Every structure is written in C-alpha cells, then in structure tokens.
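Q: Give me coordinates for this.
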Amino acid sequence: MARRFAFLDSVPRKLNRAKRLQEQGRAPQAFSLLARLASSGVPEAAYRVGQCYLAGQGTPASLEEGARWTYRAARSGMADACFTLATLFAMGLPKEFDPRAPASVDEGLYNTAAYEDEADPYEPDFVQARFWAEHGAAAGHVESQALLGHIFNHGPEEVQDRAAARHWYGEAVRGGSMQGALGLGLILLDDAVDDSQRAYAIALLQRAADSGVGIASAAMGWLYEHGVGGQPRDAEKAATYYGKAAELEIPSAQARYGLMLLKGVGVDVNLVQAESWLRRAAYGGDPEAAALLGDLYIRGEDFLHRPAEAARWYELAAEQNHTPAARVLAVLYLTGTGVVRDEEKAAYWFNFAAMRGDHRADADFGNLVLAGVSRPDEERFDLQKRLRRQAEGGDLLGAFNLGVCLAQGIGASADETNAFYWFGLAREGVVNAQYWYGRMLFEGRGVTRNQRYGLMWMEKAARQGMPEACASVAQIFVTGQVGGIKDHARALELYHQAAEGGLVEAYFSLGAMYGGGHNVPADLPRARHYFEEAAQRGHGLGQMMLGRYLLKGLGGEKDEEQARYWLGQAAQQGIERAKRLLEEIQTASSHAVDYTAS
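A: Now for the predicted structure:
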C-alpha cells in the first residue's frame, strides 16, 4: 500500500518532468515517460500520449493510436480529451475503427511500421462526435460547446438541430469562444429579420475576425464585397478582410484576394501577388483558384503566358468537378495548346463537362464523335439522352444537336425522319439547323425531295456566313443542279466567303475556279495560291494540283523538287492521279539518265 501511495505521489512530478522534456525539445524521452504513465492508467498522460501520436512527436504519427489513447483519457471525463476525440470523429476516422480496442503498449508504442498500412477509408462519425462533444460541453469546455453547435448546424440531416446549434454556440460565446462567435454570428445573420439583429450578428463576426479566426475574416470580406446584412459595399474593406483570411490559410479567401489583385478591385493590380495567392488557394483545394490560374497562364502576357502551365491548372480544377475548366481543357487537347493534341482526351473532357450541364460541351462532344473519334457506346447513348431532354425542354441548340445525332446514328440507329423534324424546330434560331434542314430537303433524306425549297434554306444559312452552307450553295450554282441555272460569279463569291470562314475545301474550289473552264476570268497565279492554301491545310486534291502546277510551271516558277514533295503528300492520301504523275516523273528521269549514259 505504501508503495502504491508513493507512486501516486510521484505522478505529478513525472508529468511535470515529461512536460519539461517536451519544452526542451526532447520529444522521444518525454514520450517514453508519458507512455509508462499512460499504461499505468493516468488519464492526463494518456491524453498527452494521444497528442504525441497525432502530432508525431517522439513517436511515428498515427491517427488511430492517437484516437485510442485520447479515448482512454476522455472515458475518465477529461474535457480536453472529450473535445479532441469529438473533433477526430467529426473529421473522420477509419470506417471500422473502434477506440475501445486496446491501445498499443510495448512494441506498438515504438514500432514505426505498425501504422504505415491504412487501407480502410476514412469517414466522419457524427453520432460519436456529438456524444463526446456533449460530454465536453456538459463539463463547461467552451470549445466543445462551439464544436457541438457546429455539429448540430452542419452535421448530416439526422443530427441537425438549429435550435440546439444556437443554444450551444451561445454557451460557447458566453465562455469567450471565438469559434462560437463565428458560428452564432452566421446563424443569426441568416435568421435576422431587422437591422438590430443583423448588427448583433455582424458584431459577433467582427469580434471573431478581430481575434484571428480566418473564416470570420473571410465572412466579413464577403459581406463587404456583396453588401450583405446591411453592410454597404466596400471593395477596399473586402480586400483587407480577404487578405487577413488569406494569411490565415483560408483557401476561398486566398482565391478571392488573388482575384481582386488580378482585377485591381479594392487593391492595386499586382499580377505577381495575384498569381501567388491563387496558387496557394489552388494547392489548398480551391478549384475556382485553379481555373483562374489556368485563365491567367493561357491569356497572360510576358512571363505569365505559359500554355503548358495553364493546362496543368485547368486539369486540377476539372478533376475537382469544375465544369468550365473541363471544357477549356478539352479545347486545349483538341487544339494541342500546351499539351500534345489528343482528340480522345478532348472528347473525354467535353463529355465530362456535358455530363455536368454544359450544353456547349454536348455539341463539341457530338462533333468529335461525328468526326470519327472513338468513344464508348454508353457515352454516345448518354449524349443522345441529354440532347433529347434539352430539345424537349425547348432548347433550340439541343434540338439541332439531337437532329445531328439522329441523322448520323450517334447513340442509336439513324432516324432521318425524326432528324428532319428536330432540324425543322431549330431552323429559326440556329444557323446550322437551317443548313441541315435545307440539305435534307435538297437530297430527299427523311422527307420528300424538294431541291428549290432546300436551296432556299441553305442560302439562308449561307447569307449568315456558315462556311459549309456557302460551299454547298456555291457548288449548286457551279453545276446548275436546280433548274439548270448556273451562276459562277456568285459561286466564286460564296467560295471566298467559305474560305474566309476556314473551310479547307473552299480553298481548293477557288483554285479550280481560277484555274479556268468556268465563267470567270482565269487567273493561274491566284489558282496556284489557293491550291497552296488548301495543300498546306492537308487537302489531298489541293496537294495534287499544287504539285501539278509546280511541275509544269503554271502560275509561277517551275520547281520539280517541290512538285515531287506535294505529289508525294497527295499520294499518301490515296490520290491516284498524284501517284501516276510521280511515276511519270520517275520514268522521265530514268530515260534521261539512260540517254546520257549512251
């Protein structure tokens, strides 16, 4: 018995010695002493052992062991331990974690490999969090009271209790908790019905912000930025509060402050600082900041124009479900800007954005599928379903895109009759629908053929500058398919309009028109120019014609070496006439060599 009392008498001295060792930076020695005391059943030592495990001080960090030792202390009624354990449950512990399991002793206390494999997913347990927070709150622990208010206010639906949240936040405020002031201020601001209630709520937020609570500073910034709660809009004050919150590592505030520095709102423009704060916010998990960094690097000048860096940030934002960033990333992959061009990745991100409500991405995804990009049948089917919902909801662009899917058999079997119906609904508001509607009438696809009426709708689209419509109508005027009427001068104008719109085939057609044989003055230099424009854009027939012009010296100097090159490019695309011309050149060269040798 005497020995037992001697041990009890030595506990405070040993605890004090462990504290001094920690203050001196001798964490392993402090942990060893605390571990022996904790194993003997000393609650404060168990709590401190738990803290050591959570912080990795004097022992390898382990969330589970930290929680187990904290549980031992909390079970004895220690308020600080109750608060810590409630916080751990609210933040998330392994799914199957049981704090009642024996805490590690002996080998487990010092075994660094024992905590490396953590396979179980981490999940919050608000029932346990509430239980331990209530124990701490009942003991008068103000931060437990604030945490309990937070759990009642922000926990899952089955735990939420607005009245209880207000009560416990109020208790925490009376005990001097600034976290309680933050929570109560936000609730009261939301519930306020007059100026006095709003003023009291804002005073609580102000008190918390002035005490260094970062989220409170961010809230004050938002109030001043948007003029909420009776506060006048004040960009300078908003920037000041966002800056304070940014310094306290609040990602959303870092993002807002970075944007204000970028735009010069409430502060002077400072691109370097803006980039720095946006970067910190993005690394902190704010997808909007990551997207803004992408914008900054893709549109920036001088040192900030770095497309590859932009792509990296857009991808980070997209992976966090930022829909606009996903669509921009798709465009970068489609154009090869800052990344290696990859149509399949472009299709993936277009579909990703479309699945999250971006209707423009639906159209972009559909265009890639039409162009032959391979995508799973499920994605094609989902695309048609989304477009049908849009079309049936009165969205004219959705109706047009659904028509394209039905016409081309994307997501289901082709149905030209229904395609024609949806093009007809969209034709008054979508230029491309006018073209498709007219083209199907002209060709008699899904409807009785009517070339005059079809030409009328295609001309309507052409007058609005649609390149494909311009080229199609021009071809009709060249060949005289409608009533035998030819108008080569008008066709030439339309081909020019289509070429200005970027349609590669139009450059080739202009070369053919200026090359002679049409009712426009022949101009071989111009013909050669347009054939070269088409060839440079990968048009096989344009490459063949440019090779022929170079070979014969038409419209400019003769250049057999360049002629061989362009004919070779055309031959690789399967242009038989280019292959024959190359063979003729080779034969002529062989005969010339034989003649010289004889």
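Q: pLDDT weak spots in the protein?
A: Low-confidence segments of the chain, defined by pLDDT under 70: 1-9, 103-120, 301-303, 590-598.
Q: Quick one: the strands in the stretch 1-150 of the chain, in order.
A: Taking DSSP state E, counting those that start in this stretch as the test, the strands found in the stretch 1-150 of the chain are 93-94, 122-123.
Q: which strands and helices sit next to the first one?
A: Meaning strand 93-94. Contact analysis of strand 93-94 by 3 or more C-beta pairs under 8 Å, 6 or more residues apart in numbering; DSSP states H and E lists helix 63-75, strand 122-123 as its packing neighbours. Bear in mind the C-beta positions are built from the backbone N, C-alpha and C, glycine included.
Q: same check, this time on the last one
A: Under the contact criterion of 3+ C-beta pairs under 8 Å, 6+ apart, strand 122-123 touches strand 93-94.
Q: redo that, cut-off 7 Å
A: Helices and strands touching strand 122-123, by 3 or more C-beta pairs under 7 Å, 6 or more residues apart in numbering; DSSP states H and E: there are none.
Q: quick revisit: which of the strands of the stretch 1-150 of the chain sits most buried?
A: strand 93-94 (a mean of 19; mean count of other C-beta atoms under 10 Å).
Q: could I have the helix or strand containing Leu494 exported to PDB, CA atoms only?
A: Per DSSP states H and E, Leu494 falls inside helix 488-500. Output of helix 488-500 as PDB, limited to C-alpha atoms (Å, rounded to 0.1, in the frame of the first residue of the first chain):
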ATOM      1  CA  HIS A 488     -20.300  31.100-111.500                       C
ATOM      2  CA  ALA A 489     -19.700  34.700-110.300                       C
ATOM      3  CA  ARG A 490     -22.000  34.200-107.300                       C
ATOM      4  CA  ALA A 491     -20.400  30.800-106.700                       C
ATOM      5  CA  LEU A 492     -16.900  32.500-106.600                       C
ATOM      6  CA  GLU A 493     -18.200  35.000-104.000                       C
ATOM      7  CA  LEU A 494     -19.500  32.200-101.900                       C
ATOM      8  CA  TYR A 495     -16.300  30.100-102.100                       C
ATOM      9  CA  HIS A 496     -14.400  33.200-100.900                       C
ATOM     10  CA  GLN A 497     -16.800  33.600 -98.000                       C
ATOM     11  CA  ALA A 498     -16.400  29.900 -97.100                       C
ATOM     12  CA  ALA A 499     -12.600  30.200 -97.300                       C
ATOM     13  CA  GLU A 500     -12.600  33.200 -95.000                       C
END
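Q: which outside residues touch it?
A: With contact meaning C-beta atoms under 7 Å, 6 or more residues apart in numbering, helix 488-500 is reached by 462, 465, 467, 470-471, 473-474, 477-478, 506-507, 509-510, 513, 518-520.
Q: before we move on, the earlier item: just put the strands of the stretch 1-150 of the chain in CSV and tack on distance to His154.
A: Formatted as CSV, the strands of the stretch 1-150 of the chain follow (distance: least, C-beta to C-beta, whole Å):
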stretch, distance to His154
strand 93-94, 18
strand 122-123, 16
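Q: With respect to burial, which of the helices and strands packed on strand 93-94 scores highest?
A: Per stretch, and counting mean count of other C-beta under 10 Å, the top mean among the helices and strands packed on strand 93-94 goes to helix 63-75, which has a mean of 24.
Q: ok, for the residue most central in space within the chain, nearest residue in space, not its chain neighbours?
A: Central residue check for the chain by C-alpha atoms, centre = their mean: the C-alpha nearest the mean position is that of Ala318, 2.0 Å away. Once flanking residues are discounted, Ala318 sits nearest to Ala326: 3.9 Å by C-beta to C-beta, 6 or more residues apart in numbering.
Q: list the contacts for that neighbour?
A: Counted by C-beta under 7 Å, 6+ apart, Ala326 has contacts Ala318, Trp349, Phe352, Ala353.
Q: Closest one of these to Gly547?
A: Trp349 (38.6 Å; C-beta to C-beta).
Q: thought the closest one was touching Glu319?
A: No: using C-beta atoms under 7 Å as the test, Trp349 is too far from Glu319 to be in contact (10.3 Å).
Q: more neighbours, those two?
A: Applying other C-beta atoms under 10 Å to Trp349 and Glu319 shows that Trp349 carries more neighbours, namely 25 against 14.
Q: in what helix or strand does that one lie?
A: Under the criterion DSSP H and E, the helix or strand holding Trp349 is helix 343-355.
Q: returning to what we had before: can you tell me the element the residue nearest to Ala318 falls in?
A: Per DSSP H and E: Ala326 is located in helix 323-335.
Q: Distance from that helix to the middle of the chain?
A: Distance, stretch centre to chain centre, for helix 323-335: 9 Å (C-alpha atoms, centre = their mean, to the nearest Å).
Q: So which bits of that helix are buried?
A: Buried positions in helix 323-335, judged by neighbour count with 16 or more other C-beta atoms under 10 Å: Thr323, Pro324, Ala325, Ala326, Arg327, Val328, Leu329, Ala330, Val331, Leu332, Tyr333, Leu334.
Q: can you redo those as JSON lines with distance to Leu54?
A: As requested, the buried residues of helix 323-335 are arranged in JSON lines below (distance: C-beta to C-beta, whole Å):
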{"residue": "Thr323", "distance to Leu54": "37"}
{"residue": "Pro324", "distance to Leu54": "39"}
{"residue": "Ala325", "distance to Leu54": "35"}
{"residue": "Ala326", "distance to Leu54": "37"}
{"residue": "Arg327", "distance to Leu54": "42"}
{"residue": "Val328", "distance to Leu54": "41"}
{"residue": "Leu329", "distance to Leu54": "38"}
{"residue": "Ala330", "distance to Leu54": "43"}
{"residue": "Val331", "distance to Leu54": "45"}
{"residue": "Leu332", "distance to Leu54": "42"}
{"residue": "Tyr333", "distance to Leu54": "43"}
{"residue": "Leu334", "distance to Leu54": "48"}
